[in-house]
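Undergrad: pasting a predicted model and its sequence here:
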Amino acid sequence: EAAEYDVRNETGKEIDKDIPAILIVEDNMDLRNYISGNLSGHYQILEAENGEKGLNIAIENIPDLVISDLMMPEMGGVEMCERLKKDSRTNHIPLIMLTARADRESKLESLETGTDDYIIKPFDAEELQVRVKNLIEQRKKLREHYRKEFLTDPADHEIPPPEDEFLVRFMDCAKKHL
């Protein structure tokens, strides 16, 4: 099934890992193209028309951010978000939920599953661009912080709490190879 998701950016070239990649998961092709068009100048764009395909693309390509519709066929945005946040390979990826549903319950359900931001349609394209930029910059700063911290002697660091499975495995591996 992996060959089915030969992901390329909007120019048809292979994905460049130095340029942030955004996965847009939206069943409405016109809206997907609109979002893609607004972000493609600064980011590589990956696209999926439903949550199931979006989940597979996210696992294969580990984008820097996911923008998802709430209601889609096959798998909705909430279920996709929940599955991404439970997977140690993808739980660090920020997710913006775009939806026409403005009710409190939908918003709370999305936020409880790990959605980082919730934007109601119709939305302002410039606001979306700023929110995307901010989330990507925050994660970049976090990565830099942890990178600097782990460049020092791992023996100086306490073991991370057990709920952070990735860091526990990383620290164990680092200590074995020292």
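TA: Now that the structure is in, tell me what you want to look at.
Undergrad: where does this protein have low pLDDT?
TA: For the chain, applying pLDDT under 70 flags the ranges 1-15, 150-164.
Undergrad: make it 50
TA: Applying pLDDT under 50 to the chain flags the ranges 1-13.
Undergrad: can you give me the helices for it?
TA: Assigned by DSSP state H, the chain shows helices spanning 29-39, 51-61, 77-86, 104-112, 125-151, 165-176.
Undergrad: closest to Leu23 out of those helices?
TA: For Leu23, the closest of the helices of the chain is helix 51-61, at 5.6 Å, according to CB to CB. Bear in mind the C-beta positions are built from the backbone N, C-alpha and C, glycine included.
Undergrad: would TSV of the helices of the chain with distance to Ile45 and mean neighbour count be doable?
TA: Shown next, in TSV, are the helices of the chain (distance: least, CB to CB, whole Å; neighbours: other CB atoms under 10 Å):
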stretch	distance to Ile45	mean neighbour count
helix 29-39	5	16
helix 51-61	11	21
helix 77-86	17	21
helix 104-112	22	14
helix 125-151	11	13
helix 165-176	27	13
